[in-house]
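**Q** Take a look and give me a structure for this.
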Amino acid sequence: MTKRLSRKSALTKILIPGALIALAVPEIAYADTADVTVTTPGPTMGPATPFTGVSAHADCGQGLISGGGIEQNTGSDRAGNGNHVMGIAPSPDGVTEYTGSTGVVGTDVTHWLAFGGSGSNSSPEFSTTPYAMCLSSNRIKHTQVVMNKIAGPSVGQTAKTVVATCPTGTVLLGGGARTTPASVGSLKPIASFPTFNDAAHDFGQKAAADGETNPDSWTAVGGIGGGRDSDNTTYAYAICSGDDANARNITTTVHFRELSGPTTAGTSQTATVGCPQQAEERTNGREHQVLVSGGAAASGGNVTTTDFTKAGSGGTHLIGSFPSDADGNPVSDGTSTAAHWTADIHVGGSPSPDTYSDVWALCLNLDRGQGE
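**A** Below you'll find the model as predicted:
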């Protein structure tokens, strides 16, 4: 009778005098592979006039977008209050935005958009730098983008939260946030982070905490200062694995850090967190973590235990959410070893009490296989 060979081992038969001996030979274990390369074209100048915006894009020549970032520069005046993040989002071509119907809006996206906006203050030294996280993996060969949106905020000193959730059976890899229009100078995304569409996280109102695994959603929070407009919109984007990936065998881990401040008008603060196994070049047995994306928020604190609340001033804003080194410096174009994510929070022209700086790194766990 012919016996079926086990998937876990192959049977090798050796004939010796008087006996037939079957030897079990272990199957070769194949390692999961994932490489993430950061691409950036450098800064795009602007916006140089009040109540306008500027867009820039970073592109993946190879690999698919798993996430992306943005860095704002106020030039020689670090206390410049007018430059703020207006959006970070995937794009099919580096120009077109996903702002129409909600749901799955794109597949295998390779471009990342970054938007900078100005309030009542502007400078010709303002600039916006986009960063694309380009993923190549033998496990995740396709991706899809989910978009959700909500009207507002339109009342001064308020915020609106919107959540985009990955399709069942897929894996969240990253996400983004966007607000429109640019003509409302105090309107901007004040948070962009991984979360869960479940009761424990109030269906995305609470952020994923440090050490939690496999978030399935991305939250965007739009905030407004003293501006008004009836057509304001806040968008959330989730970047998810394709339907062909076996999500049961793919794990992501959230790493999170929260710092008190900044609170003084015209000042800023950075917060940095990373994928510890990648950063310290450890394998932790057969597992390894790779940074695939990150998030940032200017909040009222305790974002992983309570529903999101805005900072103490409507003018407090993000001026950066980007892949970095351990000291919070943005990485350069072509970097394939980025292991940290940095959030840069800026207080506008008024003090901002009870303000916190929040940052997330989303790390893909890899099984490196036996014998590595």
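**Q** Skipping adjacent residues, who's closest to the residue positioned nearest the centre of the chain in space?
**A** By CA atoms, centre = their mean, the chain has its centre lying nearest to G294, at 3.4 Å. Of all residues not flanking G294 in the chain, W341 sits nearest, at 2.9 Å (CB to CB, 6 or more residues apart in numbering). All C-beta atoms are positioned from the backbone trio N, CA, C, and that covers glycine.
**Q** my guess is the residue nearest to the centre of the chain contacts G69, does it?
**A** Yes: contact status for G294 versus G69: in contact at 6.8 Å, counting by CB atoms under 8 Å.
**Q** any shared contact partners between those two?
**A** S321, F322, P323, W341 (CB atoms under 8 Å, 6 or more residues apart in numbering).
**Q** If we only consider those residues, which is nearest to S299?
**A** S299 lies nearest to S321 out of the shared contacts of G294 and G69, by CB to CB, at 13.3 Å.
**Q** Work out for me the element that closest one sits within.
**A** Here S321, judged by DSSP states H and E, is contained in strand 317-324.
**Q** C-terminal to that strand, what's the next element?
**A** strand 340-346.
**Q** Quick one: mean pLDDT over that following strand.
**A** If you average the pLDDT over strand 340-346, you get 97.
**Q** what angle sits between that strand and strand 317-324?
**A** Counting by axes from the mean of the first three to the mean of the last three CA atoms, to 10 degrees, strand 340-346 lies at 160 degrees to strand 317-324.
**Q** partners of strand 340-346, with directions?
**A** strand 268-274 (antiparallel), strand 317-324 (antiparallel) (DSSP bridges).
**Q** How far off centre is that strand?
**A** Strand 340-346 has its C-alpha centroid displaced from the chain centroid by 12 Å (CA atoms, centre = their mean, to the nearest Å).
**Q** which residues sit in contact with the residue nearest to the centre of the chain?
**A** G294 touches 67, 69, 174, 273, 321-323, 341-342, 359-362, counting by CB under 8 Å, 6+ apart.
**Q** what do you get for L364?
**A** Going by CB under 8 Å, 6+ apart, the list of residues near L364 reads A34, S137, L173, I250, T251, T252, Q289, V290, L291, V292.
**Q** Which strand residues bridge the second one?
**A** So the one you mean is S137. As for beta bridges, S137 partners with A34 under DSSP bridges.
**Q** Count the residues that sit near it.
**A** 22 (other CB atoms under 10 Å).
**Q** for the first one, same thing?
**A** Residue crowding around A34 was assessed by other CB under 10 Å; the count is 20.
**Q** still on that earlier bit, for the residue nearest to G294, name its beta-bridge partners.
**A** V273, P323.
**Q** so it sits right up against W360, yeah?
**A** Yes: with contacts counted by CB under 8 Å, W341 reaches W360, the gap being 6.8 Å.
**Q** Are there residues contacting both of those two? Which ones?
**A** V273, G294, G295, A296.
**Q** Rebuild these as a markdown table, extending it with distance to A132 and secondary structure.
**A** Shown next, in a markdown table, are these (distance: CB to CB, whole Å; DSSP: H, G, I helix; E, B strand; the rest coil):
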| residue | distance to A132 | secondary structure |
| --- | --- | --- |
| V273 | 20 | strand |
| G294 | 13 | strand |
| G295 | 16 | strand |
| A296 | 16 | strand |
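**Q** From P43, how far out is the residue nearest to E125 when sequence neighbours are not counted?
**A** Of all residues not flanking E125 in the chain, G75 sits nearest, at 2.4 Å (CB to CB, 6+ apart). Per CB to CB, to the nearest Å, G75 is found 10 Å from P43.
**Q** any common contacting residues for these two?
**A** Residues touching both G75 and P43 by CB under 8 Å, 6+ apart: S127.
**Q** quick one: which of these two has more around it?
**A** With neighbours defined as other CB under 10 Å, G75 and P43 compare such that P43 has more, 16 against 13.
**Q** List the contacts of the closest residue in space to that one that isn't next to it in sequence.
**A** Of all residues not flanking P43 in the chain, S127 sits nearest, at 3.8 Å (CB to CB, 6+ apart). Neighbouring residues of S127 by CB under 8 Å, 6+ apart: P43, T44, M45, G46, Q72, N73, G75, G116.
**Q** Apply 6 Å and report the result again.
**A** By CB atoms under 6 Å, 6 or more residues apart in numbering, S127 lies in contact with P43, M45, N73.
**Q** repeat for K188
**A** H84, M86, T179, H317.
**Q** For the closest residue to the last one other than its chain neighbours, which three-state class applies?
**A** Computed as CB to CB, 6+ apart, the closest residue to H317 that is not its neighbour in sequence is H84, at 3.9 Å. Classification of H84 using DSSP: H, G, I helix; E, B strand; the rest coil returns strand.
**Q** Output the contacts of K188 as a markdown table; include the columns pLDDT.
**A** What follows is those, written out as a markdown table (pLDDT from 0 to 100):
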| residue | pLDDT |
| --- | --- |
| H84 | 90 |
| M86 | 96 |
| T179 | 97 |
| H317 | 94 |
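**Q** And the furthest pair within those?
**A** T179 and H317 (10.9 Å).
**Q** For G301, grab the count of nearby residues.
**A** G301, neighbours per other CB under 10 Å, totals 18.
**Q** Pretty sure Y356 is one of the things it touches, is it not?
**A** Yes: G301 is within contact range of Y356, at 4.1 Å (criterion: CB atoms under 6 Å).
**Q** For the host helix or strand of Y131, list the C-alpha coordinates in CSV.
**A** In this structure, Y131 sits in strand 127-137 according to DSSP H and E. Extracted in CSV, the C-alpha atoms of strand 127-137 (Å, rounded to 0.1, in the frame of the first residue of the first chain):
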residue,chain,number,x,y,z
SER,A,127,7.8,73.4,2.5
THR,A,128,6.3,69.9,2.5
THR,A,129,8.2,66.6,2.1
PRO,A,130,6.4,63.3,1.4
TYR,A,131,7.6,59.9,2.3
ALA,A,132,6.4,56.6,0.8
MET,A,133,6.8,53.2,2.5
CYS,A,134,7.3,50.7,-0.4
LEU,A,135,6.6,47.1,0.6
SER,A,136,7.9,44.0,-1.3
SER,A,137,6.8,40.7,0.3
